[in-house]
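K.L.:
fold the following and give me the result.
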Amino acid sequence: MNVLLGQSGALLGSKSGSPLYVNLGNVCSGSNPIWSGTKTWGDVYPCNLNAGSIVSAGVLFSLTAVVVGAVLHMLLLRWPKGDETQAWGARMNKLSTLIKRGGAALFSSMAMYTMGLAIFVFLLILVIFSSRAASDATDGIRVAAGYIIAVVLCLGIVLISVNNAGEAFTRAARSAMQMGGVSGSLRTAYSSGSVSGMLTIGFVLFFMCVYYLFMSLGRSRDAYSQYGNKCNLAGVFCGQTLGWRETTGFVYGVTTVTIMVRGMAGIFAKAAEVGSELIFKLEPDQAADPSRNPASIADQTGAVSVDAAAMLMDLIETVLFIVFAAEVLAQGHAPRMALPIWCMSATVVSGLAAYGFVRCSNAQVATVGERYRNMMWGLRIALYVCAIVNIFVFAIATGILYRGYPSRFGGEKEGWYFFSCLLLGDIASLFVWEANSYFTATATSPTRSVAAAGITGAATMFIQGTGVGLISLLPTGLVLMLLIISCGAIAGQYGIAMGALGFVSVAWFVVAVACLAPVTYNADESCNQSETAGVRETTVSLFLCGESCASESRAWSSAAAVLAGFSILAAFKQEAGLGALMMGGTESDSASEGIMFACAVAGALTPLFVAGINVLAIGKGPALLRRFKMATMEIFSKRLANPLRKYRFWDAEMKAAVAACGELMDIAGEIVQRYKERNTEEQIRQDTGIMAHILRTPYPSDKARNADVVTMLLAGHDTTGFSVAWILVELARNPNILRKLRAELDAVNPKMLPWTLEMLKNTPYQDSVIKETFRLWPASALGPTLRSPDRDIDIGGGKVLPKGCIIACVPKPALRMGIADPDSFIPERWSDPGNPDLEALEQMSHMPFGAGKRVCIGQNLANAEIRMVIFLHPTHSPHMKLHILYQTRSTKRTRII
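P.N.:
Sure, this is the predicted structure:
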């Protein structure tokens, strides 16, 4: 490697493309004039930083993390589990044991398939690197050994994290009940995540450092580097450079386990969740007790495997990639090689500080929302403490490594350039976390907009959620672009890697909160039958906190993965000698490296952002109709109480309602205008459609015409769709009625000829089904007509309806009066002449379309549409069945499949 060769040449700006690049081949060369006199180059700092010095801090602090994680785990096991003297506690402990057994079974399957793949890859690496050795004949076994060691280590990490999450949730639930309420349950859950973070990140960093140290041994001064140049320096310098090449196998082993665990655990978790939901819907009695429901146990095991194992491996892989890329980009520069390991491992101090600051108000507030916000604020304080401590860690590490650095070669300035990149990455990490917190918190407008969209159904909620998710990428993308450009301008490609390292320096905190989700989910599930006051409120708020943290940590992890990807790409670009090719064949300034990567982020972000805007625009249609329906009810009810039009000027809800009506009227005007633009006057005269009829009809104003268009949009479709939906629900609930209806339709059209309206008029039982639906589920809440008496009416009980008042008939209770079994769906009550209910129903109490001069002009169309839908729907097919799913876990909503 030319930076280690002691060859003559320019001190700055050699093949690296960065003006901060220092050719240590000159700095540490015995022929360099700065070493003339009594000093020799091998005795002067930083040239005397050997491989052991480079990883010394990494070994020390990673071992500290492992020890702290082990101590926290022992303390966690000493906390009490569920009370065995109570049925609730015994069920919770049993559930914990079953989840751990399920996790062990899932781990054995993942380990079997992963090891099978690992053995194949191990042999492949051994053959390839042995046959094409770049340094010596031991290349193959060095790289392959690192690979298999990493695979075994990461599988052990997966087992530890799954078992730890299974142990923790019972203690979190017990804390919610007896040991500190809100604050105690949060600290217990966070402790389990800290255990996983300390043990796993500590183990990985420790083994990587130790393995690198071993790989640096046995590299003599006659060894050949991957550049084909002889090392003319001491063997230790050859070792510290070539050792990272063999460590590639270790990094690849971590990646293999991450891919396998993410794929297998994700598929298992989703399949288990679907199975659990089906059991809950089809057999709710079995799902009541999670400890006796295998589907629920599998669901909770899947949650543990995805959030506590797969997510953890994702974060570890990202951290390892960034550290490894920074080592490669250091180009043999000893302080640059030491700085990433020292900084990343020393941030365990910030992880411990964050653990000490995780606490929240323990006041037994009334609402779940306030408890949730208390928990989130406690975690936010811990995050900021972690980030602030990281700044001191970076400053100390940089000061130690760059003290006394020869001023002729940049002096201490180079170290503080890198410190600036670390600081920017640390700040960017906070910005990304806060941006994602805004889009996932329960009290913010993006989340509330998604919840509000659910009023009009699952489709609009999905559309709104997708749009909000796509839009949420914008602030994160902008922060990443600024970070990459800034660090590239300060210190080139190595600076970008250091910015990424600063970004992931809060990984100790992120790993801990990422592991909150399975613990809080299982704690809430196990307490769903608890009758202790306040426990359910605490566990539900803890569950919401865990879900929010899971969403934020996933988004943060994705941003960190982007930075890791660019760091690895820069390292590959340097190692493959593609600098001139990728940068246009010229020597560019350091800022252009960051600009190139930032443009890549912008290119990936632009289509997603545009798609988010379009998706949100699509979702505004149903939302506007919902606003109009609510607006009409607001206007109608308040005009009924106070007909003064000035009421709109001081009532906020009335003002919003009037504004919504105005928006819909504008849309109706656009519909009319577009129709006129697409058709000539002759086409409009000959057209028999509703829109042409409206345009041919003289109106006193365009506003009146637009009002009729709105009427056609709402009254012509919404009410009919409402009635059709309830017909299908009642047919699904009453299979005997469904069979009888099919028999009638088959008798009317035995040869299955194309249906006509004349055929459908000869279906009396179908008429009865429709009328009974109108009676039981009227489409209008206030009825189709209003009345104003011309005299005072005594209605009994000392109550009098005064002359001139407005009377609204509420059909739902009215149509249940005077008949037998009023809440049951019985179509026969309309077709049996001897049924006493028929007389009561026909005495002007059943008027689904109104009566008199104000009768609905679309009743014939509505009846025809309903009849055709009933026939065209699978209700008529003998090979199709209607099944009803009564409720979901979160909402009591009827569904038909």
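K.L.:
helices along the stretch 701-850 of the chain, start to end?
P.N.:
Taking DSSP state H, counting those that start in this stretch, the helices of the stretch 701-850 of the chain run over residues 702-714, 718-733, 735-748, 757-761, 764-776, 811-814, 836-842.
K.L.:
what's the most buried one of those helices?
P.N.:
Highest mean neighbour count of those: helix 764-776, a mean of 20 (counted as mean count of other CB atoms under 10 Å). (Each C-beta comes from the backbone N, C-alpha and C, glycine too.)
K.L.:
same for that helix, what does it pack against?
P.N.:
Counting contacts by 3 or more CB pairs under 8 Å, 6 or more residues apart in numbering; DSSP states H and E, helix 764-776 packs against helix 718-733, helix 735-748, helix 859-872.
K.L.:
would you list those helices in a markdown table and tack on distance to residue 352 and mean pLDDT?
P.N.:
Shown next, in a markdown table, are those (distance: least, CB to CB, whole Å; pLDDT from 0 to 100):
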| stretch | distance to residue 352 | mean pLDDT |
| --- | --- | --- |
| helix 718-733 | 57 | 83 |
| helix 735-748 | 63 | 84 |
| helix 859-872 | 65 | 76 |
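K.L.:
which one of the helices of the stretch 701-850 of the chain lies nearest to residue 62?
P.N.:
Of all the helices of the stretch 701-850 of the chain, helix 718-733 sits nearest to residue 62, with 60.3 Å by CB to CB.
K.L.:
taking helix 859-872 as reference, get the angle to that closest one.
P.N.:
Here the directions of helix 718-733 and helix 859-872 differ by 30 degrees (axes from the mean of the first three to the mean of the last three CA atoms, to 10 degrees).
K.L.:
CA atoms of helix 718-733 as CSV?
P.N.:
Taking Å, rounded to 0.1, in the frame of the first residue of the first chain, the C-alpha atoms of helix 718-733 are listed here in CSV:
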residue,chain,number,x,y,z
ASP,A,718,-74.2,6.9,-0.8
THR,A,719,-77.6,5.9,0.5
THR,A,720,-77.9,3.0,-2.0
GLY,A,721,-74.5,1.7,-1.2
PHE,A,722,-75.4,1.9,2.5
SER,A,723,-78.5,-0.2,2.0
VAL,A,724,-76.7,-2.8,-0.2
ALA,A,725,-74.0,-3.2,2.5
TRP,A,726,-76.6,-4.0,5.2
ILE,A,727,-78.5,-6.4,2.9
LEU,A,728,-75.3,-8.4,2.5
VAL,A,729,-74.6,-8.3,6.2
GLU,A,730,-78.0,-9.6,7.1
LEU,A,731,-77.8,-12.3,4.4
ALA,A,732,-74.5,-13.4,5.8
ARG,A,733,-75.9,-13.5,9.3
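K.L.:
any idea how far that helix is from the chain center?
P.N.:
34 Å (CA atoms, centre = their mean, to the nearest Å).
K.L.:
do stretch 558-569 as well
P.N.:
So, by CA atoms, centre = their mean, the centroid of stretch 558-569 is 19 Å from its chain's centroid.
K.L.:
quick revisit: need the helices of the stretch 701-850 of the chain in TSV with distance to residue 140, can you?
P.N.:
Below are the helices of the stretch 701-850 of the chain laid out as TSV (distance: least, CB to CB, whole Å):
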stretch	distance to residue 140
helix 702-714	73
helix 718-733	66
helix 735-748	69
helix 757-761	79
helix 764-776	76
helix 811-814	80
helix 836-842	89
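K.L.:
relative to residue 70, which of these is closest?
P.N.:
Nearest of the helices of the stretch 701-850 of the chain (CB to CB): helix 718-733, 56.8 Å.
K.L.:
quick revisit: closest to residue 69 out of the helices of the stretch 701-850 of the chain?
P.N.:
Using CB to CB, the nearest of these to residue 69 is helix 718-733, at 53.9 Å.
K.L.:
and stretch 548-560, which residues are buried?
P.N.:
548, 549, 550, 551, 552, 553, 554, 555, 556, 557, 559, 560 (16 or more other CB atoms under 10 Å).
K.L.:
then it to PDB, C-alphas only?
P.N.:
Output in PDB follows, covering the C-alpha atoms of stretch 548-560 (Å, rounded to 0.1, in the frame of the first residue of the first chain):
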ATOM      1  CA  SER A 548     -43.800   4.400  18.600                       C
ATOM      2  CA  CYS A 549     -40.100   3.600  19.500                       C
ATOM      3  CA  ALA A 550     -40.200   0.600  17.100                       C
ATOM      4  CA  SER A 551     -41.300   2.900  14.300                       C
ATOM      5  CA  GLU A 552     -38.800   5.600  15.100                       C
ATOM      6  CA  SER A 553     -35.900   3.100  15.400                       C
ATOM      7  CA  ARG A 554     -36.800   1.400  12.100                       C
ATOM      8  CA  ALA A 555     -36.800   4.800  10.300                       C
ATOM      9  CA  TRP A 556     -33.500   5.800  12.100                       C
ATOM     10  CA  SER A 557     -32.000   2.400  11.200                       C
ATOM     11  CA  SER A 558     -32.900   2.900   7.500                       C
ATOM     12  CA  ALA A 559     -31.200   6.400   7.500                       C
ATOM     13  CA  ALA A 560     -28.100   4.900   9.100                       C
END
